[in-house]
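Trainee: can't give you the sequence, but here's the structure:
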């Protein structure tokens, strides 16, 4: 059974995930802030690394725009932790693990790739009331344009 893809105007479904440090994040804690959920298929891959580094490189702009950005994939917490530390050198961006139930959040959002066992490459922006304001899916080899996200957040 395939979940219908989330669209602009929908309310974000409730979820709790662990970040790459093992700390839980309950999405409703972020009400009142804009949130970027930047889904990448799998850690330890080239385009995914560039996508996550672009979030880290843009952190000051996100702060000015009252936005919290997260990277999400189906990778387990230990894998995400090692990737963030050894390859990405992340200091501020939190990587969320949608590992168990496998791809549970991606499934709720209708962006889980059942044939590949991972999420689509996607950016979803949630407004301060936790309604979806922006959704864009990208081809797996395509690097999302962070400038497009910043421009949208400035509107």
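Mentor: Happy to help now that I have it. Because the structure is a prediction, the values reported are computed rather than measured. Residues are numbered from 1 along each chain as shown.
Trainee: my guess is residue 65 meets residue 36, correct?
Mentor: No: counting by C-beta atoms under 8 Å, residue 65 stays clear of residue 36, with 9.6 Å between them. (Glycine included, C-beta is placed from N, CA and C.)
Trainee: list residues touching both of these two?
Mentor: Here residue 65 and residue 36 share the contacting residues residue 153, scored by C-beta atoms under 8 Å, 6 or more residues apart in numbering.
Trainee: who has more neighbours out of these two?
Mentor: residue 36 (24 against 18; other C-beta atoms under 10 Å).
Trainee: pull the residues that contact whatever helix or strand the more buried one lives in.
Mentor: Assigned by DSSP states H and E, residue 36 falls within strand 34-39. The set of residues external to strand 34-39 that reach it, using C-beta under 8 Å, 6+ apart, is 27, 51-52, 55, 62, 65-73, 106, 111, 119-128, 130, 133, 144, 149, 153.
Trainee: if I pick residue 10, what's in contact with it?
Mentor: 131, 132.
Trainee: and residue 141, by the same measure?
Mentor: The contact partners of residue 141, by C-beta under 8 Å, 6+ apart, come to residue 47.
Trainee: before we move on, the earlier item: write a ChimeraX command that selects only the buried members of the contacts of strand 34-39.
Mentor: Buried members of the contacts of strand 34-39, defined by 16 or more other C-beta atoms under 10 Å, are picked up in ChimeraX with:
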select :27,51,52,55,62,65,67,68,69,70,71,72,73,106,111,119,120,121,122,123,124,125,126,130,133,144,149,153
